[in-house]
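Q: Quick check, what structure comes out for this input:
(2 chains)
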Amino acid sequence: AQTVTQSQPEMSVQEAETVTLSCTYDTSENNYYLFWYKQPPSRQMILVIRQEAYKQQNATENRFSVNFQKAAKSFSLKISDSQLGDTAMYFCAFTPGDAGNNRKLIWGLGTSLAVNP
Amino acid sequence: EAGVTQFPSHSVIEKGQTVTLRCDPISGHDNLYWYRRVMGKEIKFLLHFVKESKQDESGMPNNRFLAERTGGTYSTLKVQPAELEDSGVYFCASSRDAGLPRQYFGPGTRLTVL
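A: Prediction:
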């Protein structure tokens, strides 16, 4: 079975500091996609960053970067220079790469991140 | 470009009643997904439409749930009769091409069954 595990239910960080959210997953697939989604208190789910498993280079989007360790099946998210607007629930998600035309997502439980002023 | 919209944002109903949730995907997006998050648990996939056809409904909990997407535009998810365990947040997402692994999400509908 394909699973995604987020072991940190809650985290907090001071504004301007760096925080890392962890995610591990389990799959027998060789090709797949990993995502971090963010859901602020307003509830709209937003894609933060995406990683393709066949790419060795870690994805980066401005202050957000990932540490993708394929052998260890680990996909952590690093937020640099944390801002108050980063306060949100963060979800790690996975979809198989060879799923044909069905891209259903498999999700972790989420990590609630609070950025403190 | 308008985003994915869902209606209502919140619904409170009694056990045994019927509720219909609606999702309007981004215009031109053929793929539409429904997910559900029950409190304390992971978000779970319910089903996937490609235009008006159900591509995968393996995540639908039981036959009290009926999803439709007439004309390949908006979708409805009806729960009849609702049970207490149906409470949760129902998310809808759409994508233009299923080959592109990016889904755009609506704000969700919070369903409370009393």
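Q: next one: phi and psi at residue 84?
A: This is for chain A. Backbone dihedrals for A:Leu84, given as degrees, to the nearest 10, come out at phi -60, psi -30.
Q: you looked at the wrong chain, it should be chain B
A: Main-chain torsions, B:Leu84, degrees, to the nearest 10: phi -60, psi -40.
Q: any idea how far it is from B:Met39?
A: Separation of B:Leu84 from B:Met39 (CB to CB, to the nearest Å) stands at 12 Å. Yep, even glycine has a C-beta here, placed from its N, CA and C like the rest.
Q: Show me which residues of chain A sit near chain B.
A: Chain A comes close to chain B at residues A:4, A:33, A:35, A:37, A:42-47, A:50, A:91, A:93, A:95, A:97, A:100-110, as judged by CB under 8 Å from any CB of the partner chain.
Q: And the pLDDT at the residue lying closest to B:Ile13 once chain neighbours are set aside?
A: Nearest residue to B:Ile13, sequence neighbours excluded (CB to CB, 6 or more residues apart in numbering or on different chains): B:Val19, at 5.2 Å. Per-residue pLDDT puts B:Val19 at 97.
Q: tell me which residues form a beta bridge with B:Val19?
A: Per DSSP bridges, the residues bridged to B:Val19 are B:Val79.
Q: Give me the neighbour count for it.
A: 20 (other CB atoms under 10 Å in any protein chain shown).
Q: List the contacts of the strand or helix carrying A:Tyr90.
A: Element membership for A:Tyr90, per DSSP states H and E: strand A:88-96. For strand A:88-96, the surrounding residues in contact (CB atoms under 8 Å, 6 or more residues apart in numbering or on different chains) are A:2, A:4, A:6, A:21, A:23, A:25, A:27, A:29, A:31-41, A:45, A:48, A:75, A:77, A:103-108, A:110-113, B:43, B:101.
Q: at 6 Å what do you get?
A: Here strand A:88-96 makes contact (CB atoms under 6 Å, 6 or more residues apart in numbering or on different chains) with A:4, A:6, A:21, A:23, A:25, A:29, A:32-40, A:103, A:105-108, A:110-113, B:101.
Q: wait, isn't B:Glu52 in contact with B:Glu68?
A: No - between B:Glu52 and B:Glu68 no contact is recorded; they are 8.3 Å apart, counting by CB atoms under 6 Å.
Q: one step back: mind giving me the ChimeraX select for the contacts of strand A:88-96, buried ones only?
A: Selection of buried members from the contacts of strand A:88-96 for ChimeraX, criterion 16 or more other CB atoms under 10 Å in any protein chain shown:
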select /A:4,6,21,23,25,32,33,34,35,36,37,38,39,103,105,106,107,108,110,111,113 /B:101
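Q: In strands, which of the contacts of strand A:88-96 fall?
A: Here DSSP state E is the test, and the contacts of strand A:88-96 give A:4, A:21, A:25, A:32-39, A:106-107, A:111-113 as lying in strands.
Q: now, among those residues, which is nearest to A:Asn58?
A: A:Leu34 (11.0 Å; CB to CB).
Q: Check the gap between the closest one and A:Ser74 for me.
A: Taking CB to CB, one finds A:Leu34 at 10 Å from A:Ser74.
Q: Ok, B:Ser94 next?
A: For B:Ser94, the distance to A:Ser74 - CB to CB - is 30 Å.
Q: neighbour-wise, which of the two wins?
A: Taking other CB under 10 Å, B:Ser94 and A:Ser74 do not tie; B:Ser94 has more neighbours (23 against 16).
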